[in-house]
Each structure stands twice: as structure tokens, then as C-alpha cells.
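Novice: My questions are about this predicted structure, shown below with the sequence.
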Amino acid sequence: MRDRVHNKMKTPVLVLNQNFEPLSVTRMRRAVILLWLGKAEIIEAFGWQIHTPSTAFDSPSIIRLQSYIHLRRPAIPLTRKNIMKRDKYTCQYCGKKGITMTCDHVIPKTRGGDDSWENLVCSCTYCNNRKGNRTLKEAEMKLRKIPKRPHYFFLYQNPINIPDERWKSYLFLN
């Protein structure tokens with residue numbers, strides 16, 4: 001019994017800034033302390049309660065801080081791995097997944113394209129070779145979505161380990 005309660009206190013909880021922007025992920029224990037001190041409020045709760053000798057709390061899944069925290073946003077490094085992660089390992093031309101992927105310059109470097117979030121996309125080797133050193137118009141190809149710099153919280157996203165589906169709308173995964 002005690003181990004089950006102890007494990008529930010390790011459950012991840014999403015922490016939002018006062019403006020509902022994602023800040024971090026903490027453990028249930030820390031979230032309950034923030035709630036008890038009046039420094040946060042519950043936005044979404046799991047379906048079970050946490051009991052103390054004198055009271056019971058809804059178990060928070062998402063909490064929002066009462067005061068705004070000013071943070072310096074970390075720069076997301078422009079790496080092949082991060083391009084692939086941003087594009088969910090899906091070819092941005094044909095939509096295939098689960099095959100060998102490369103990074104492709106939407107505007108080729110020889111045509112003035114640069115290494116930037118807005119010019120690099122995940123591509124299967126077939127589409128990359130088909131496009132070659134041409135523009136999208138010349139190759140008669142289209143992008144499935146326009147590439148852009150991801151939100152700073154992107155570095156902390158791991159959709160496989162999200163304990164509550166309701167997190168997705170706060171983590172820009174919907």
C-alpha cells in the first residue's frame with residue numbers, strides 16, 4: 001500500500017506559467033506542496049485524491065502558477081535530430097514514416113538557401129533525390145506543412161511519456 005502511494009507521488013505534473021504557457025514538468029509531491037502553499041492552482045486533475053491526516057486534495061495533472069515567472073527562453077539548437085523530431089520523422093513531401101530520412105533544403109544552398117529552421121525539412125531519400133537541386137516549383141512538389149522554428153518547450157516534449165492526454169493542448173501537440 002505504501003509503495004503504491006509513494007509511486008503516485010512520483011507521477012509527473014505539468015506546470016504552467018500564470019499565462020498558461022508550459023514551464024516544466026514536476027513530480028506530484030512538489031505540485032501538492034505548491035498547491036498547499038497557495039502558489040498554484042489545479043487546472044486539470046487525475047481521477048484520484050491525495051489524502052493527508054486533515055484533508056484531501058484532487059491529484060493534479062496540470063497546475064498553473066499564481067504569479068508569472070520570467071524565464072530566458074533557451075535557444076533550440078538547429079541539428080539534424082531536432083529537425084527530424086520537429087517533423088515527427090515524417091517525410092514533408094510524401095508523408096511516409098519509418099524509413100530512412102534525410103534533411104533537405106527547401107531552397108537549395110546553391111540557390112541562396114540557408115541552414116535555418118524555415119528552410120530545412122525531414123525528407124525520405126526518394127523525395128530528396130527526386131527534388132535534387134531544384135526548387136519546389138521546378139520539381140513540381142509541395143510541402144505538407146510550412147517549416148518553422150519550434151516553440152522553446154519543444155525540447156521537453158516526448159509524446160510517448162505524456163501521462164494525461166489533456167497535456168497535449170498545452171504542449172502544442174494538437
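Specialist: Sure, I can see it. Numbers count the residues shown, from 1 in each chain.
Novice: Give the pairing partners of the longest strand seen in the chain; include direction for each.
Specialist: When the chain is parsed with DSSP state E, its longest strand is strand 40-51. With DSSP bridges as the test, strand 40-51 is paired with strand 56-65 (antiparallel).
Novice: what element comes up after the helix or strand of the chain with the lowest mean pLDDT heading to the C-terminus?
Specialist: When the helices and strands of the chain are scored by mean pLDDT, DSSP states H and E, helix 2-8 comes last with a mean of 63. Next along the chain after helix 2-8, taking DSSP states H and E as the criterion, comes strand 12-16.
Novice: For that following strand, which strands pair with it and how are they oriented?
Specialist: Sheet pairing of strand 12-16 (DSSP bridges) gives strand 22-27 (antiparallel), strand 56-65 (parallel).
Novice: just the CA coordinates of the longest helix belonging to the chain, formatted as CSV?
Specialist: As assigned by DSSP state H, the longest helix anywhere in the chain is helix 28-36. Extracted in CSV, the C-alpha atoms of helix 28-36 (Å, rounded to 0.1, in the frame of the first residue of the first chain):
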residue,chain,number,x,y,z
MET,A,28,3.2,15.1,-7.8
ARG,A,29,4.9,15.7,-4.4
ARG,A,30,6.2,19.1,-5.5
ALA,A,31,2.9,20.0,-7.2
VAL,A,32,1.0,19.3,-4.0
ILE,A,33,3.4,21.4,-2.0
LEU,A,34,2.9,24.3,-4.4
LEU,A,35,-0.9,23.9,-4.1
TRP,A,36,-0.8,23.7,-0.3
